[in-house]
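1. my questions concern the predicted model and sequence given below.
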Amino acid sequence: EVQLAESGGGLVQPGGSLRLSCAASGFTFNDYAIGWFRQAPGKEREGVSCYSHSDATTTYTDSVKGRFTLSRDHAKNTVYLEMNSLKPEDTAVYYCAAALFRWCSEWNYNNIDYWGNGALVTVSL
């Protein structure tokens, strides 16, 4: 059974940092693009960051470039999202996601095969 389990969400002040973790079970990274989406209240779910093992590519949406970093530990089958210089507009539920046989250029909601349950990140004073 494929599972994605997120952890690490919480409340942080503007300018602060958080690290999200996503432990994958039931599959390995080799055949998947894996990464993160987020959904803010009243907004559509958007792709935040993606890693594709097949071409060793990591991508970020423009609004988080230079502040967020996706990393992975293949031995633990876990991906991380290090979030720095957080802003109130980063407040959202963050979802770990995986797409079979996809490149990061195809990282969109309709191509996702597996979703985690989500981790709430709140950036506020």
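-> Done, it's in. Numbers count the residues shown, from 1 in each chain.

2. where does the spatially most central residue of the chain fall, secondary structure wise?
-> The centre of the chain sits closest to Trp36, judged by CA atoms, centre = their mean, with a distance of 2.0 Å. Following DSSP states H and E, one finds Trp36 within strand 32-39.

3. list the contacts of the residue nearest to the centre of the chain.
-> 20, 22, 47-50, 70, 79, 81, 94-97 (CB atoms under 8 Å, 6 or more residues apart in numbering). Using the backbone N, CA and C atoms, a C-beta is placed for each residue, glycine as well.

4. closest to Asn108 among those?
-> Taking CB to CB as the measure, Asn108 lies nearest Gly47 of the contacts of Trp36, at 6.2 Å.

5. element containing the closest one?
-> Using DSSP H and E, Gly47 falls within strand 46-52.

6. next secondary structure element downstream of that strand?
-> Sequence-wise, the next helix or strand downstream of strand 46-52 (DSSP H and E) is strand 57-60.

7. how many neighbouring residues does the closest residue to Trp107 other than its chain neighbours have?
-> Spatial nearest neighbour of Trp107, excluding adjacent residues (CB to CB, 6 or more residues apart in numbering): Cys50 at 4.1 Å. Taking other CB atoms under 10 Å as the criterion, the count of residues near Cys50 is 26.

8. what do you get for Gln3?
-> 12.

9. now it, which residues is it bridged with?
-> Under DSSP bridges, the beta-bridge partners of Gln3 are Ser25.

10. tell me which residues touch it, please.
-> Contact analysis of Gln3 by CB under 8 Å, 6+ apart lists 24-26, 114.

11. gap between it and Tyr114?
-> 8 Å (CB to CB, to the nearest Å).

12. okay, and Leu70 sits in which element?
-> With DSSP H and E as the criterion, Leu70 is inside strand 68-73.
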